[in-house]
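Q: Quick one: sequence and predicted model below, then my questions.
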Amino acid sequence: MKLKSDFMYQRVGDDHFLMPLNEKDFSSVIRGNETLAVILRSLEEETSEERIVDALLDQYSVSREQAAADVGGVLSVLREVHALDEE
């Protein structure tokens, strides 16, 4: 899976945003923290859910279960706004 090219990631202060480039409706804008940023950076290249979990574990002292839950939650939101290219 990979982040679609028609979405842009931007950091503003301590907030991280994912915005669709081709929409005037901002209902698909996602705002998050550094956890979101780690996940989005992982999705810049083709990756797997397991590798994203590993990236979170490299950054934070959390259990694998907690990292997997966080990644799963973010991926679910990204799927809802059609931000992922999954083949």
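A: Okay, I see it.
Q: Just give me the residue right at the centre of the protein.
A: Centroid-nearest residue in the chain: L40, 3.6 Å away (criterion: Cα atoms, centre = their mean).
Q: Show me what the longest helix along the chain is packed up against.
A: For the chain, the longest helix by residue count, based on DSSP state H, is helix 64-80. If contacts are counted by 3 or more Cβ pairs under 8 Å, 6 or more residues apart in numbering; DSSP states H and E, helix 64-80 sits against strand 30-32, helix 34-42, helix 49-59. C-beta: built from backbone N, CA, C; applies to glycine.
Q: what does stretch 35-51 rub up against?
A: The contact list for stretch 35-51 (Cβ atoms under 8 Å, 6 or more residues apart in numbering) reads 1-3, 9, 11, 16, 18, 30, 52, 55-56, 59-60, 68, 70-72, 74-75, 78, 84.
Q: ignore the last one, stretch 7-21
A: Residues contacting stretch 7-21 (Cβ under 8 Å, 6+ apart): 3, 6, 26, 28-34, 36-37, 40-41, 44, 78, 81, 83.
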